[in-house]
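In: Provided below for reference: sequence and predicted model.
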Amino acid sequence: MSISPRKHTQQVSVGNVKVGGGAPIVVQSMTNTDTADVAGSVQQIMELSTAGSELVRITVNTEEAAKAVPEIVNQLEQKGFSVPIIGDFHFNGHKLLEKYPDCAQALSKYRINPGNVGKGKARDPQFQQMIEFACKYNKPVRIGVNGGSLDQAVLTRLLDENRLLANPKELPAITREAIVLSALESAAKAEEIGLGKDKIILSCKISNVQELISIYEDLSNRCDYALHLGLTEAGMGSKGIVASSAALGVLMQQGIGDTIRISLTPEPGAARTKEVIVGQEILQTMGFRSFTPMVIACPGCGRTTSDYFQRLAQDIQAYLRDQMPVWKDKYKGVETMEVAVMGCVVNGPGESKNANIGISLPGSGESPVAPVFEDGVKTVTLKGDNIAGEFQELVERYIES
Ligand code: SF4
């Protein structure tokens, strides 16, 4: 499937970041700190922002959390961080926004889950109240439907309408329809209340890849709201990364999606920033955006006698990523660069020539020399014990030049 043009959606401004309407696909993330812990939350938001998260969502679930929000935003500003902060509300958002106007004002967007904005008769007035706050404070909202907390009223209504259908296999299709309908009907209601289309972003998250693809294809066909993509509960480690990449990759290839969040379950001790890096890497490998120079490295095989080249590839990638906050304003286009680190002469020279700068390390049985190529031309051959250090210096020099 070749790449389709991006679907044109209504553009939404979230603080200083544009979402949809042809703007580059935005990478966002969410903290896992207790929002009432101002210092811890500020620290994590700064880490996420530095890693490249263009929007950061925080949970606003208690009075203490709502009270902390203005101070979090204030401290971020004082430290020079202007990343827009999104409040994630469930169950009691209407009360918190009413009681804490400074919180309502400090946030750049509210996330509302129509499945748990209020139960029964309370649902509509509470939803209305939240949208009225969004209108009052001139804030966009994300109407974020989630398969795990689907509005049961919509599902029950659809099941009632389809009660003559005898085949239980139709239940998944009806559930998918309920998810999409919950988002579309909530958005229509928000517009009726007075929220502009340019203030509405939709998402319909679910944890099954094929279902997610089919839901978003349908959603995208039926509206032109800006869409937030994410596979909810993607899981841990490689499973979460693969599932998110597969789902979001298929959708973005079809031109669907204006902002993405990769919901990885963090492994103990793992940095929260991983979800940002994975999001950037999906966009960069698919050719939608560039964030940091890419290292092209071979997998290694029996021709490599040690993990020397893997370590060099890792060190170079970490070094390039660390430098990007400084480089991105200084060296125009540096983020599109490719650096090849290859394990032997079989594919090494070819890949190195195709990259901006590349090295072909000596494999087993080869003479202990490592040719370096810059812009397709062999410029130097490194040898001795400090090939890694010398190559890093050459990469730095290449970038500076
Ligand atoms: Fe093996 Fe050489 Fe290919 Fe790397 S480039 S995978 S070391 S044959």
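Out: Here it is on my side, so go on.

In: going forward, measure contacts between C-alpha atoms and count neighbours the same way
Out: Fine.

In: helices and strands of this protein: which one has the lowest mean pLDDT?
Out: When the helices and strands of the chain are compared on mean pLDDT, DSSP states H and E, strand 235-236 comes out lowest with a mean of 79.

In: That one pairs with which strands, and in what direction?
Out: Partners of strand 235-236 in the sheet, by DSSP bridges, are strand 264-265 (parallel).

In: After the strand it pairs with, which helix or strand is next?
Out: The helix or strand immediately downstream of strand 264-265 is helix 274-285, counting by DSSP states H and E.

In: Contacts for the least confident helix or strand of the chain, please.
Out: Strand 235-236 is contacted by residues Ser263, Leu264, Thr265, Pro266, Glu267 when judged by C-alpha atoms under 8 Å, 6 or more residues apart in numbering.

In: again, only using 10 Å
Out: Ser207, Ile241, Val242, Ala243, Ser244, Ser263, Leu264, Thr265, Pro266, Glu267 (C-alpha atoms under 10 Å, 6 or more residues apart in numbering).

In: cool, and stretch 386-401?
Out: 308-309, 311-313, 315-316, 319-320, 323, 327, 330-331, 334, 337, 339, 341, 356-359, 361, 369-370, 372, 374-375, 380-384.

In: Show me which residues of that stretch are buried.
Out: Buried positions in stretch 386-401, judged by neighbour count with 16 or more other C-alpha atoms under 10 Å: Ile387, Ala388, Phe391, Gln392, Leu394, Val395.

In: again with stretch 262-279
Out: 262-266, 272-279.

In: What is the lowest-pLDDT residue among the buried residues of stretch 386-401?
Out: Minimum pLDDT for those is recorded at Ala388 (86).

In: what's the spacing between it and Pro114?
Out: 54 Å (C-alpha to C-alpha, to the nearest Å).

In: near the ligand, which residues of the stretch 151-300 of the chain show up?
Out: Cys298, Pro299, Gly300 (C-alpha under 6 Å from any ligand atom).

In: What is the helix or strand harbouring Ala66 packed up against?
Out: Assessed by DSSP H and E, Ala66 sits inside helix 63-78. Judged by 3 or more C-alpha pairs under 10 Å, 6 or more residues apart in numbering; DSSP states H and E, the packing partners of helix 63-78 are helix 38-51, strand 55-59, strand 85-89, helix 93-99, helix 101-106.

In: For the ligand, which of the ones you listed is the nearest?
Out: Of all these, it is helix 38-51 that lies closest to the ligand, at 29.6 Å by C-alpha to the nearest ligand atom.
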